Each structure stands twice: as structure tokens, then as C-alpha cells.
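[1] Please work out how this folds:
(chains A, B and C)
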Amino acid sequence: MSNKMLEIRWHGRGGQGVVLASRFMASSAIRENLYFQAFPFFGPERLGAPVVAFTRISNEPINLHCAIEEPDVVVVLDPSLLGVVKVTQNLKASGTSVVNHAGIPQDLKNGTQRRVFAVDADRISREELGRVMPNTPMVGALVKAVGLIGLESVFSEFEEQFSQRFKPELIRQNLNAIRRAYEEVREV
Amino acid sequence: MKLLTRKVVGLTGDGAAAEAMRQIDPDVVAAYPITPQTEIVEKFAEYVAGGLVNTEFICVESEHSAISACCGSSAAGARTVTATSSQGLALMHEMLYIAAANRLPIVMINVNRALSAPLNIHNDQSDTFGSRDAGWIQLYCENVQEVYDTTIQGIRIAEHPEVQLPVMVCLDGFILSHSMERLELLSDAEVKDFIGAFRPRTNLLDFDKPITLGAAAMPEYYFEHRFAQSYALDRALERVVAVDQEFGAKFARSYGVVEAYRMDDAELAVVTLGSLAGTTKFVVDRFREEGVKAGSLKIKLFRPFPIEAVAAALKNVKAAAVLEKAISPGAPGPALFSDVLGALYHQGVKASLISYVAGLGGRDVPPKSITRIYNHLQQIAETGRIGRILNYLDLRGWQ
Amino acid sequence: MKDDSIRKLDKAKLPAWDEIPLGWALLSEGSDDFKTGGWRSQHPVLDPEKCTSCLFCWIYCPDSAIRVKDGKMAGFDESLCKGCGICSTECPQGAIKMAEGAGALKEGE
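    Next up is the predicted model:
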């Protein structure tokens, strides 16, 4: 893939807001005047089932219209998937994993130079939102890990997209969750 | 010329179609929800409920009823839009011919999806290819921006006094319908100004000037009627070009009836349509980086088929393949391949042309698969031997 | 757009393809271009005493054969009535009876 394009694969479970996160991350790129695509893996959908979504971000218009084969980044919203789904499958040798994990995730490097980031997004969302909803904090962690999009762009996009649907209190809680994940994510 | 700073948003293909429909503000929308078109109907129903449009939204019990209501409302003089997909389009089939033959300028957004059986909700182009002889104008979209722009252009094309034919705007299910992409929107005023007011040709509700529409025609009239309709569809090509050029002049985006990508000195070409055209461009770029003279040709307008433009684009290539997501059982070749072949024959162009069917039922068509088509074309160009004409990409057990 | 895109068929000569009304939209009130009166093997008979001029017959007649004058039922059109009997079936007053044969239809006053 062209190094001008960042390809992200999202892993989560149905109901965790995986598709929403993939779309929200993409649309935040508007604020950096970048091009983007976000789409779910088109499979059966049910609550709790493993779900995959994709985001492409590029500084040029994106011609590709197919699944991402070798992602630059994988984001894992649910730590329980680590033993179930091969989340690092086809991840580039120079790629990055960003994992929702309270401790040190199992070895995701497989002897490669891949970078691995972890953040306890469950705890952050529980403390900030009052329930486990790891998708928004994981966007904060992703932004810190890949550095393509500024945190301010994410904040303003979130406010614009959700101010019609969410109460101001919920907006503030989500922004806090994003900021905390951005600050608390660490490279393993 | 300094262009206006336009509103840039992220929308799915369905969302973009619904947004265009909101701005078009049709008099009547009759539609029935079906995956993967559902979001269009859902969103538009919200616009109706929220008073954002003045549209009469007709809830119907099937797609056959949807298109029947559309035929009635269009004949009554209402600007009419609908949307469907796959089995829905198949259920509309008999009415599609009636809409075209009665010269009703309906615009339909069709989200391309495979046909049953086996049941499959994913993308291919069997549905609209199956309707290719119904007399509708068919336009295919490569990306979400194109879905938005083509829907707006579709109104102008359909309603042009010399066209007066229904238009199908086709977008690939899920790949475009459920993909969120960046696109630029026009303002409501720009859309309104571009499409203009609807000046209906027929008004069945004008009691002072009663007319008959849908009368029988006996053998001594039917043939002439059908030819007149077919002739009008052929002539519509010029209007499609003109509307697209006007759109381009006003809004700096235009698509042509075909798009020749890096074709100027190309020796190898893949001809395709819809979202596959984008992935193919990506592969062309990679071959070009290696010094291979590769190009691609996107068919934007499938009906009427742009015979001259297709033949002109392919006249100097050494080998070409037609890549499409539909199969024509029992035919000498799949639909798009047969049309391209016909166009070359019409224009006296000899080219080594092969067919590739790919991606049926939503199977992903990644760059590495399309790369194999260009490798195959390289072989044909080097040896001058065509070999097998009909080929199937990533089909297990086929070699 | 040409004003004549909707027009009556020229019966004197069969039109060429580019003379066919656009979309087969015909300027007429219905099927009165086709003289179906010759098909008749039964004919309607009106009982003026029972008729209330509700004009159900006018609505239901598939061949524009019901004559109306000043809003009143005024008999049948000789050249259009094909004797199908729909008017007789639909008449809520039972004011139209079908009789055998083509009959000589009164065309109203």
C-alpha cells in the first residue's frame, strides 16, 4: 500500500460500537483535510459476535473499494477477542496494534518489530460514562498511537456529530474518556 | 476561477443518495425498504416526518406496488423518485418496461445486490444487468461522491424534453451503500437551481385536457412505438453528456459517459464499471510504476451503451479484459463483455478481448486479483494468442 | 417540447415510427377512438323511471358509451357500446337491463 494511506482494521463485538468508531475516526479526518473511507466487514451481525470494520485515511482521494488485506493498524476493542480471533493476521510487519487491555496483552509482536499499545478502555469508560463502552476511548488511544489526526480534530468532530443526539453531559463524558485514553495509553 | 468552499462531509452511499433526494425534494416517493437500500428509505422517511421535504411519501406493500405508484404519479405530472435493490428490482420487472414505454421520467436509485437463489444480500450487478433491456437509462457509480452527483444529474437527464425516460442510478451494495466516504455537498439552492422546476409532459389529473396513457397498441402500431422509444434511448446519450458537462462547468465535477484512465498510450486495459473501477485504477497505477503500459476504462453509462466512446478508447490496445460482477447463463459471454465486443464490431475495431466475471454475491475483489488479469493480458499481448475467452476470477476449482 | 407530442392518431394513414405520439399518450377521452359498437351481441335498455342519474354507469363503462347531458344520464352511444353489460350489473337502481341482439340504441335526446 502507498505510504500516504493508513489502513486500520477494527475488532470488537456486536453492540460495542465498532462500526461507529470506524466511521467516527474516519470522519474526524475531515478536520485535517484528509480523505477517508469506513466500512464494516459485511458478514452476519448479531449482539456479541466478533465484528470487523475498516477505516482508510489518506491525503489523496481513495480509489480502492475492497477490504483491507494488510492493515497498518489493528484496534482491538474487546480483550476477550485476543484468544478467539487472530487479530494480528496480515498486520504489516511494521504495523501497530492498539488494544483495550487492563494489563500487558499477550505477545502481539510475534517476533516482529510491530508496536503494541494498550489502554484500559473498559475502566475509563466505566468511570467516565458509567458503563463499559470502549469505542470512544479507543479512538483517543488510536489517535495517540498513530498521530495522524490531532486530538482537537477528534473533539470538534465528536461535538458536531453528536450534539444533536446526545445531551451536553454525555458529550462531555465522552470527550473526557477520549482524552483520558489518549493520556493513559502506553506502549508495551 | 476561485471555487466556493463547499461543505465536506462523511456519508455512506445510501446516506448520500438520501441527502440528494432531500435536496431534490420530489413531489412523490414510493419505495419499499430492502437490504442494502434500507438506509435510503429510512432516512428519507425521517425527512418526510420532520417536514424537511414537501414530498408525498407513499407506503406500499411491495416493490411492484412501489413502481406502479411511481408510474401513476409520474404520469399524473409529479416529479417521482424511488429506490430499490435486487429482488425488489426483479419484482418491479414488468412495470420497468411500462415506465420506459410510457416515457415517464422516474429516477430510481438501485443498490446493486445479488439475486436469489441462494439467498444473498451482498453486492453484484445481476439485478440491474437483468433489467438492461427494459428501456431505462442506467448509470453506475464508482464512489459515494458519484452517487450523490449522479442522483442529482439523473433528474435533469430523465426530465429533459428530448429524453423523457426513466433513469436508474446504480451503486454497489455495501461496498458503496454502507461505506462512509468523504464527499462535497452542493447547497440546497444550487441543487434546486440545477434541476429546475419539473414541467411534466402528461397530467392525468387535468380534467379540461383529458388524455389516455397506457392504451393497447395493435400489431399495426406496436412496432413503431417500440422503435420510437428505443431511438429516444439512443439519443439520450447526447443529453447525458450535456447534463454532465453543465454539472462540471457549474460544480467542477464531471464523469463523462466513460472514463479512460491512463489510456493514452495503454497497451493493456481492463474495462469495468461501478466501484470495481476504483480498485482497478489503483492496480493500473502500480503497473505504471513498474513501467507497464496499463490503463482502464470505466463504463459510467451502461444504457444507452456508449458504443463510439468505448471503441475509441480501446482501438489501440494490444489486449483488453472486461471485468464484471454478473453472469449470463447460456450466453456467448456476460452482459458487459458482449456489449463491449458489440461496440468494437460496430466501429470496426479489432482487439484481443477476454472476459472476467468476478465478485458474485459480494466476494471481495482485491488489487492482487485484478493484478492477475493484467498479467493474463500481458501474456496475450506477448504471444498474440487469446486462448480462453471466458474467465472467472477467484472461482474455486476453475483453472 | 413539441406541442403535438400528445395527439390523436391519424387513422387516414398508418403513422411512421417518428409520427407515433410520444409514450403512446393519446389525446382522447378514453377508448372512443376505437369503435367497438360492432362487437355488440346484447344491448342495454334503460328504464328512465328507475334511473336517478347517479352516473355509476358512466364511471364503470369501459368504452365511454354512456351519454351524459346536463349532468343527466342520456342513453348509450351506438358506435361505442360493445354490449358487455357492466352498466347493468353496476346500476344500483336496476335501471339498465340487457336484451338479446345488437338492438337499435337510442343516442339520447
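[2] now the chain, which segments are flagged as low pLDDT?
    You didn't pick a chain, so chain A it is. A:1-3, A:42-45 (pLDDT under 70).
[3] nope, chain B please
    Applying pLDDT under 70 to chain B flags the ranges B:1-4.
[4] Show me which residues of it are close to chain C?
    B:101-104, B:161, B:164, B:199, B:201-202, B:210-215, B:217, B:220-221, B:223-225, B:227-229, B:231 (CB under 8 Å from any CB of the partner chain). To be clear about C-beta, it is placed using only N, CA and C from the backbone, and glycine gets the same treatment.
[5] Around B:Arg239, count how many other residues there are.
    Neighbours of B:Arg239 under the rule other CB atoms under 10 Å in any protein chain shown: 18.
[6] Backbone dihedrals for the nearest residue to A:Val146 once chain neighbours are set aside, please?
    Among residues not flanking A:Val146 along the chain, A:Val73 sits closest, at 5.9 Å (CB to CB, 6 or more residues apart in numbering or on different chains). Here is the backbone geometry of A:Val73 (degrees, to the nearest 10): phi -140, psi 140.
[7] Kindly provide the distance from A:Val73 to chain B.
    18 Å (CB to the nearest CB, to the nearest Å).
[8] repeat for A:Leu64
    5 Å.
[9] ok so B:Arg182 is a strand residue?
    Yes. Under DSSP: H, G, I helix; E, B strand; the rest coil, B:Arg182 sits within a strand.
[10] How is the closest residue to chain C within chain B classified with respect to secondary structure?
    As assessed by CB to the nearest CB, chain C sits closest to B:Arg103 within chain B, at 3.3 Å. Classification of B:Arg103 by three-state DSSP places it in coil.
[11] Buried ones in the longest helix seen in chain A, by neighbour count?
    When chain A is parsed with DSSP state H, its longest helix is helix A:168-184. Using 16 or more other CB atoms under 10 Å in any protein chain shown as the test for burial, helix A:168-184 gives A:171, A:173-182, A:184.
[12] Considering those, which is situated nearest to chain C?
    Minimum distance to chain C across the buried residues of helix A:168-184 is 53.7 Å, recorded for A:Ile171 (CB to the nearest CB).
[13] and the closest one, what does it touch?
    Each residue near A:Ile171 by CB atoms under 8 Å, 6 or more residues apart in numbering or on different chains is listed here: A:158-159, A:162-163.
[14] can you narrow the residues you listed to ones near chain B?
    Residues of the contacts of A:Ile171 in contact with chain B (CB under 8 Å from any CB): none.
[15] Narrow those to just the buried residues.
    A:158, A:162.
[16] Of the contacts of A:Ile171, just say which sits nearest to chain C.
    Taking those together and measuring to chain C by CB to the nearest CB, the closest member is A:Ser163, at 47.9 Å.
[17] Provide the backbone phi and psi angles at that closest one.
    Dihedral pair for A:Ser163: phi -60, psi -20, per degrees, to the nearest 10.
[18] Run the contact check for stretch B:276-295 versus chain A.
    Yes. Against chain A, stretch B:276-295 shows contacts by CB under 8 Å from any CB at B:276, B:278-279, B:281-282.
[19] Now B:Gln245. Nearest residue, chain neighbours left out?
    Per CB to CB, 6+ apart, closest to B:Gln245 is B:Ser254, 6.2 Å.
[20] Confirm that that neighbour sits in a strand.
    No. Per three-state DSSP, B:Ser254 lies outside any strand segment and is coil.
[21] Tell me which two in the buried residues of helix A:168-184 are the farthest apart.
    Using CB to CB, the buried residues of helix A:168-184 span at most 20.3 Å, a distance reached by A:Ile171 and A:Glu184.
[22] roughly how far out does the longest helix of chain A sit from the chain middle?
    Remark: helix A:168-184 is offset 15 Å from the chain centroid, using CA atoms, centre = their mean, to the nearest Å.
[23] Stretch C:59-76 too?
    With CA atoms, centre = their mean, you get 7 Å for stretch C:59-76.
[24] Would you mind measuring from B:Asp394 to chain A?
    Counting by CB to the nearest CB, the gap from B:Asp394 to chain A is 12 Å.
[25] give the contact list for that residue.
    Counted by CB under 8 Å, 6+ apart, B:Asp394 has contacts B:358, B:363, B:365, B:369.
[26] Is there a neighbour count for residue 17? I'd like the number.
    Defaulting to chain A. As a measure of burial, A:Gly17 has 21 neighbours, counting by other CB under 10 Å.
[27] ah, I was thinking of chain C
    By other CB under 10 Å, 15 other residues sit near C:Trp17.
[28] got it, and A:Arg31?
    Neighbour number of A:Arg31 under other CB under 10 Å is 17.
[29] Phi and psi next, for it.
    Given degrees, to the nearest 10, the pair of backbone angles that A:Arg31 has is phi -70, psi -20.
[30] quick revisit: closest one of the contacts of B:Asp394 to C:Gly37?
    Looking across these and measuring by CB to CB, the closest to C:Gly37 is B:Ala358, at 61.3 Å.
[31] quick one, what contacts that closest one?
    Per CB under 8 Å, 6+ apart, neighbours of B:Ala358: B:276, B:323-325, B:365, B:369, B:392-394.
[32] Kindly report the same for A:Ile62.
    A:5, A:35-37, A:56, B:181, B:278.
[33] Could you turn the buried ones of those into a PyMOL selection?
    With 16+ other CB under 10 Å as the criterion, this PyMOL line picks the buried residues out of the contacts of A:Ile62:
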select buried, (chain A and resi 5+35+36+37+56) or (chain B and resi 181+278)
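[34] among the contacts of A:Ile62, which are in helices?
    Reading helices off these with DSSP H, I get B:Gly278.
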